[in-house]
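K.L.:
Pasting a predicted model and its sequence here:
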Amino acid sequence: MNTVTLTLKKVPELYLECEQVTPDTFAGKTLDQIAGITGYHGKEMPTMGEYFTITGESGATAAETKIVVNGDCTKIKYLGAKMTAGEMVINSACDMYTGAWMKGGKLTVNGDVHSFCGLAMAGGEFIINGNAGNYLGAAYRGDWRGMSGGVLRVKGNAGSDVATFMTGGEMIIGGDVDIHLGTHMEGGKIILKGDANRRIGGQLVKGEIYVFGTINVMLPGYKPVGEVELEVDGTKAKFVDYIGDLGERHPKRKGETVYGHLYMKK
Amino acid sequence: MSEYIIRNGHVFDPVQGIKGDKKDIAVNDGKIVDKVGSGAKVIDAKDKTVMAGALEVHAHVAGPKVNAGRWYRPEDKHFDSHKKPGMTRIEGGKSIPTVFKTGYEYARLGFTFAMEAAMPPLYARHVHEEIHDTPIIDEAALPVFGNNWFILEYLKNQEIENTAAYIAWVLRQTKGYGVKCVNPGGTEAWAWGLNCLTIHDPVPYFDITPAEIITGLIKANEFLGLPHSMHLHQNDLGNPGNYKTTIDSLKLAENIKATNNFGREQVLHSTHIQFHSYKGTNWGDFESGAKEVMDYVNKQKNLTIDTGNVTLDETTTMTADGPFEHHLHGLNHLKWFNVDVELETAAGIVPFIYDPNNAVFASQWAVGLEIALYAKDPMRCFITTDHPNAGPFTRYPRVYSWLMSKKVRDERLNSFKKADKVISATTLQEIDREITLYELAAMTRAGPAKCLGLSKDYGGLKVGMNADIAIYNINPDKFPSDGPSIEKAFANVAYLFKDGKICVEEGKVVDMGHKQTFWVDAKVKENKQVMHDVREKFLRYYSVNEANYPVPESYAPHQHIISVDASGVR
Amino acid sequence: MPKEVTDVICPFCGTLCDDIVITVSDDNKTILGVKNACAIGAEKFNHQREPGRVTRPRMRQADGTFKEVSYDEAIDWTAKMLVKSRKTLMYGWASTSCQAMSIGHEIAEKTGAIVDNCATVCHGSSLIAIEDVGVPSCTLGEVKNRADRVIFWGCNPAHAHPRHMSRYSIFPRGFFTVKGHKGRKIYCVDCRYTDTAKCADEFIQVQQGFDYELLNAFRTAARGEALPDTVGGVPREKIYEIVEDLKQARFGVIFFGMGLTHSMGRNHNIDIAINLTRDMNDYTKFAIMAMRGHWNVTGSGQVLGWQYGFPYAVDLSRRDQARHQTGETTSVDLLNRSEVEACFYIATDPGAHFPVDAMISSSRKPTVTIDPHINCTTEISDLHIPVALVGVEVGGCAYRMDNVPIETRKVVEPPEGVLTDEELLTKISKRVDELIAGGGT
């Protein structure tokens, strides 16, 4: 695997939108070609070369290309968005849409991310070694297809509206979340190591949410049905099994209603 | 105005019976003319196909439900909003394009006219605002009448003259073109959460049946002598077994004669008939009823139909058939939008994915093609996708490729995951017919023009007709054999002339043309009863004042008014 | 001789009452009387003749004071600001006509701006909810003619939409509702006992911030599932009782307002209320409607919808693509994050409604405000361009809260020389074209 290293030369005055910074676009390109790739800065279309010092070499394919981004990326959007293979490491906090619509490969952010990161993620591995903002792994506005595959792991806390309309994949949050986790979920698995504020699993059709900490207010649509012993993300523990959201529709399989499950660690 | 001479193209024009002969077409001052001077600009159409501009007979392109479908589906254009170089605006939306994209795309496909298929009268101003903003193509809109309280009350007592007078009044208020009837009675029932699934189900409170509504509206339409036939979306759309209700509805037109001055020979247009041609009792034993329906249509000469071809895309369904959308939402659970409109109608919207892996959707695709391929008279069967219900109109080129090439269609049929099931539920595989360019010109030009009462100016290339001309990069002698090539050729005209001006050149929009809004001004005898009823209903039941109901002139700055005079009719 | 103009459309709220009668002076210059309007609506008309109205553009000077300038100077300054700025916020639009919006959008597309309207601090959360789950709704006349259960949830039309209750929702007698108020059961759900609650047959006091939980409980009860003893302060028995009563409705309707859109969870409160409405349609007929506040804010959403496919917060900054993301391309977020370089406000007053931090950010950027009156925003702008009052001094299309468009009426002449929004925007657009053709970007 070859590595291209981008080092930010100047912090953008507005926000720099870099949808093209992915292994997919960089693969097979020379450094000059990469430097010529454009982004958006308001209505300006600057090249990557204007903002980054670019070194290293790209691989022939996305899978053989690794991108390392250094410097303060807090005003850069769309890093790693839509990547399908290869690897990206961002040694900074970054802004919105990081890893959004990601389909494959591995994306690591060594810092915090803003909102809409991992939006509608469909595959690959996305690791955030910091905190995440709102709408992590959620669906784009109006879409009923949120995160559908892959693994999204946050070391710290995440904001509100996390994993809205999730249909598949796995999300692990090391810290706490704000309101509305897994709203309208219809599949997939969320593991929350810390505490949740309120409205967990609202309007949930299908899927599993595991909570190690506490929930401020449990929704009335959830009902405890027993206790289970489970191993969750490497931890063995006893959980209370709630089914829900009983206010929402649920599919039937072989005559049996399939509920969503909310497991609360005892 | 510039003069043009389009040289050496293969001309297809059912109006004159020209079947691909090499012919020159002369254009002057917006019209097709005999000859032009030596200074005329020459368009080389050698090895190209020349047809009149196409006419869309039924699409949902402007108005409240179309727009709700647009804005409540941001996901429909998040990855599909762009601007092409040149004079065009940003265009966006896959299943429901923005007004700009709607105009440009129709033009790129070779269309010069589109009929908005369902205008709620109370929202007519909205419809016209959108028509106003849609570039290039001429447009008109059909107000809906099939669940209107005035109509239900008049027809309950078989008061055809009052019905006609009220229709004439609405056409003038709304700048409407004709009479649309959607799920007659069923949509009024829907205001109470109910429906009418056969033509004999009584409408709650109003004590009338869909059959009486359909018959009455056809008669009122002929009383007025409107350019277009009564335009019907039958009851029980989209359900297995509905072909019987369809044929029952069509039979209501028997023995009614067309009375008009526009050369229209039919009295009933049955729209998106694919959705109404199903046999079976449920989706498990579902079968195509296309043969039965088309056998009837072929022999009953006072009918026209359009197909409603399923294109196997993710799209957005929308119809004034409110109860149907509720039903559909119950099946796919995707976001449901509904609006009930006081005294008049309703509308519903649900996104829909016609997944080719699903045997039902693949069968619907086959039924739509069967309808067109069983049609004996291409002048009475028009190709539509009931845009955006069965698929977006931007897929017409693909639909043409399935109709014009057995090879292309069989490849699609045989590659379905549940091909066996589709083959056994339909007769598509047994059909060898391939629609010719000449037949296509009838199904998309001459036929719709005649059915809409526009055959004087539209749908052909005869001297004196509008210089609305589409030139395709298709050499009929070397007609492409693969789907993508056929699609490509129909998707971007080499040239589109609108009123004698080149608006599209090699797929690129170069002129916004002179867009017109068509509406019909029907004159009737002074009718005190109807005017009294109008006044009373506005005072007591409407939420807007009568004076604020009409569409102001400024909404249709370039209007083309078609006048009819029924004041002498007894 | 003073004359009466009838069927006039009120230019205040989203109810768009169209039965106003205005008495106009002989010279068509002054409004002498207003009939049928509510107190707020009448005041809107009366503004027209208030002394001290600004009739020429005012430009901020180095010392902070305003100096009168010509329209031409103002237009040139505005066009240059738009052409230079790499990303501009063009916010407002709710008090102007759809025709004017259309011209504004063209300017935005040419210069790379974000077009946002008042929904962004109002019913934007409702729009997000509708984007997510749709909405079963109806026109206001349907409510008048059919509704026998009416729920006001987190809204107070008695104050915000004063004639709503008499025209559409509580008192009128309609075709199937001949008994008027007597034939309707009115519920009010709120955390406060409002004046609307006083008109209701039943007031349900929900603990603040527990609307989502209560709606979740309604849905759960509707499916016959068990509930905790109380939810959001409402006893379980009451919840079951109400849900059963709603199922008995012939035609039910929920009206909701800022109590749902701006309490915790925002769009989710609307989302679940819509889903309750949807559930009720399995038993009977039910509709739900947002109490859209600012006059033609609905129209702005419609025009943006048919031109770009999004209802508000439409980012055209790339000039070759339209994008929309609440939380990113919304005005307050753009200002708080300083994502824009210039501000263009028209037909609304963000200075009075936006959070302070957002307006501090705004005040540091070149700013033009187009408004008939002096308001909070004009006072922190570099340029204030006065215009004619839409719906009073010039007509144009406006959309009611149920999306019904009505062409509004001109009743009097604007002050001499004052341009309309359409005229002004057309001139700005033309000047922008000239600047771009001359090598601007």
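P.N.:
Yep, it's here. Residues are numbered from 1 along each chain as shown, chains lettered A, B, ... in the order given.
K.L.:
For the stretch 151-266 of chain A, what lies in contact range of chain B?
P.N.:
Within reach of chain B by Cβ under 8 Å from any Cβ of the partner chain, the stretch 151-266 of chain A has these residues: residue A:249. Just so you know, the C-beta spots here come from the backbone N, C-alpha and C atoms, and that holds for glycine as well.
K.L.:
Quick one: the strands in the stretch 151-266 of chain A, in order.
P.N.:
Using DSSP state E, counting those that start in this stretch, the strands of the stretch 151-266 of chain A run over residues A:151-154, A:170-173, A:186-192, A:196-198, A:206-211, A:215-217, A:223-232, A:235-244, A:252-253, A:256-257, A:260-265.
K.L.:
Ok, which of these comes nearest residue B:393?
P.N.:
strand A:186-192 (31.4 Å; Cβ to Cβ).
K.L.:
on contacts alone, who are the packing partners of the closest one?
P.N.:
Packed against strand A:186-192 by the contact rule (3 or more Cβ pairs under 8 Å, 6 or more residues apart in numbering or on different chains; DSSP states H and E) you find strand A:170-173, strand A:206-211.
K.L.:
Local confidence estimate at the nearest residue to residue C:180 once chain neighbours are set aside?
P.N.:
Computed as Cβ to Cβ, 6 or more residues apart in numbering or on different chains, the closest residue to residue C:180 that is not its neighbour in sequence is residue C:173, at 4.1 Å. In this model, residue C:173 is scored at 96, pLDDT.
K.L.:
Can you report how many residues lie near residue C:173?
P.N.:
Neighbours of residue C:173 under the rule other Cβ atoms under 10 Å in any protein chain shown: 16.
K.L.:
Likewise for residue C:149?
P.N.:
The burial count for residue C:149: 23, using other Cβ under 10 Å.
K.L.:
where does chain B have its least confident helix or strand?
P.N.:
Using mean pLDDT, DSSP states H and E, strand B:81-82 stands out as the lowest-scoring helix or strand of chain B, at a mean of 94.
K.L.:
Pull the distance from it to the chain's centre.
P.N.:
26 Å (Cα atoms, centre = their mean, to the nearest Å).
K.L.:
One more: stretch A:74-91?
P.N.:
The answer for stretch A:74-91 is 12 Å, by Cα atoms, centre = their mean.
K.L.:
Now do it, average pLDDT.
P.N.:
98.
K.L.:
same check, this time on stretch C:343-355
P.N.:
Per-residue pLDDT over stretch C:343-355 has a mean of 97.
K.L.:
what's the answer for stretch B:251-260, then?
P.N.:
On average, the pLDDT along stretch B:251-260 is 97.
K.L.:
near chain A, which residues of the stretch 301-441 of chain C show up?
P.N.:
By the rule Cβ under 8 Å from any Cβ, the part of the stretch 301-441 of chain C lying against chain A is C:317-319, C:324-328, C:337-341, C:441.
K.L.:
Among those residues, name the buried ones.
P.N.:
Buried members of these, scored by 16 or more other Cβ atoms under 10 Å in any protein chain shown, are C:317, C:318, C:319, C:324, C:325, C:326, C:327, C:328, C:337, C:339, C:340, C:341.
K.L.:
which residue packs closest to the last one, ignoring adjacent ones?
P.N.:
Distances taken as Cβ to Cβ, 6+ apart put residue C:85 closest to residue C:341, at 4.3 Å, once the chain neighbours are dropped.
K.L.:
What of the fourth one?
P.N.:
Computed as Cβ to Cβ, 6+ apart, the closest residue to residue C:324 that is not its neighbour in sequence is residue C:310, at 3.6 Å.
K.L.:
Identify the residues contacting that neighbour.
P.N.:
Residues in contact with residue C:310 (Cβ atoms under 8 Å, 6 or more residues apart in numbering or on different chains) are B:71, B:74, B:77, C:304, C:322, C:323, C:324.
K.L.:
Name the nearest residue to the spatially most central residue of chain A, ignoring sequence neighbours.
P.N.:
Taking Cα atoms, centre = their mean, the centroid of chain A lies closest to residue A:118, which sits 3.1 Å from it. Among residues not flanking residue A:118 along the chain, residue A:137 sits closest, at 4.4 Å (Cβ to Cβ, 6+ apart).
K.L.:
what distance separates the one helix or strand residue B:368 maps to from the centre of its chain?
P.N.:
If you go by DSSP states H and E, residue B:368 is part of helix B:359-374. Distance of helix B:359-374 from its chain centroid, counting by Cα atoms, centre = their mean, is 18 Å.
K.L.:
Please apply the same query to stretch C:33-47.
P.N.:
Centroid displacement of stretch C:33-47 relative to its chain, using Cα atoms, centre = their mean, is 19 Å.
K.L.:
can you list the residues of the stretch 1-150 of chain B near chain A?
P.N.:
Within the stretch 1-150 of chain B, the positions near chain A by Cβ under 8 Å from any Cβ are B:72, B:73, B:74, B:75, B:76, B:78.
K.L.:
Residue B:268 contacts residue B:233, doesn't it?
P.N.:
No. Shown here, residue B:268 and residue B:233 do not form a contact pair, counting by Cβ atoms under 8 Å, at 11.7 Å.
K.L.:
count of neighbours near residue 132?
P.N.:
Just going to use chain A. Neighbour count of residue A:132, defined by other Cβ under 10 Å: 29.
K.L.:
Chain B was what I was after
P.N.:
When neighbours are counted by other Cβ under 10 Å, residue B:132 registers 19.
K.L.:
do you know how far it is from residue C:422?
P.N.:
Distance of residue B:132 to residue C:422, computed by Cβ to Cβ, to the nearest Å: 14 Å.
K.L.:
residue contacts, the residue nearest to residue C:294 when sequence neighbours are not counted?
P.N.:
With Cβ to Cβ, 6+ apart as the criterion, residue C:294 has its nearest non-adjacent residue at 3.9 Å, and that residue is residue C:94. Counting by Cβ under 8 Å, 6+ apart, residue C:94 makes contact with C:117, C:118, C:294, C:295, C:296, C:297, C:300, C:347, C:348.
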